[in-house]
Every structure is written in C-alpha cells, then in structure tokens.
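>>> quick one, fold the following:
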Amino acid sequence: MVFCCPGYYAEGLNAIIVFYGCHLPSRRREDYPYVMNHLFHYVIHTLEELVADDYVIIYFHGSTPRRQMPGLTWLKRCYQSIDRRLKKNLKGLYLVHPTLWLKTIVTMIRPFI
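Take a look at the predicted model:
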C-alpha cells in the first residue's frame, strides 16, 4: 500500500493523506515508467474523490531505499499535472524521517511551489 486516507482532522472534511515511500516500486523494474504513470493517475483520481476541502499529506520516508525514490523529472511532471484545486487545498506537507537528500530537495523546490 503506497498511500491511504486514515481519516479526517478538525471540523469538516479535512482529509489526512498518508504516503509510504518504502512501498514505491523500484526504478530497476522494466515497466517502471508504466507503473509510476498508473500510480500517479490512481492517486490523483482517489484524491479528487476524497478531498472535499483542505487536506494534509504525511510522507513516511524512513527505510526507503534510494532506488525506490522517484526522480525529480517525474515529480515535476506530476506536480504540473495536478489540478489547481488540489494544489490550493493542500494545507500541509509533513515529511517523517527525511534523509539529508530529501531535505535538500524540498528546500530547493519550496520557492517554486
């Protein structure tokens, strides 16, 4: 299970979305682009159904091997494909057990988000 929606917070329908990096597919797979493309579309479709209002994302990075981390090009393309409503309603992104590499990447891209 790469992601789930364990519940809601505060008043209303403010969803909590949880991602687990350790369950992402390995980049060594032959069908990696196909799998990641379908995973992205599945996540977006599910978010559109779950998110009625504001939401937060919690990303668990601990014990995620480097070969399972998606590339920056893929992340950028996904971010550009996300609907404005989903971008606007994202109220928090929490990184649990980030590596130095992940902290650096997030710090570098934060001004562009």
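
>>> center of the chain - which residue?
Nearest to the mean C-alpha position of the chain, counting by C-alpha atoms, centre = their mean, stands residue 19 at 6.0 Å.

>>> okay, and the beta partners of that one?
On the basis of DSSP bridges, residue 19 is bridged to residue 3, residue 59.

>>> contacting residues for it?
Going by C-beta atoms under 8 Å, 6 or more residues apart in numbering, residue 19 touches 2, 3, 57, 58, 59, 60. In short, each C-beta sits where N, CA and C put it, glycine included.

>>> okay, now the unreliable bits of the protein?
12, 113 (pLDDT under 70).

>>> longest single helix anywhere in it?
helix 32-50 (DSSP state H).

>>> which strand or helix spans the residue of the chain most remote from its centre?
Distance from the centre of the chain peaks at residue 11, with 23.6 Å (C-alpha atoms, centre = their mean). Under DSSP states H and E, no helix or strand contains residue 11.

>>> that one and residue 53, how far apart?
From residue 11 over to residue 53 the distance is 10 Å, taken as C-beta to C-beta, to the nearest Å.
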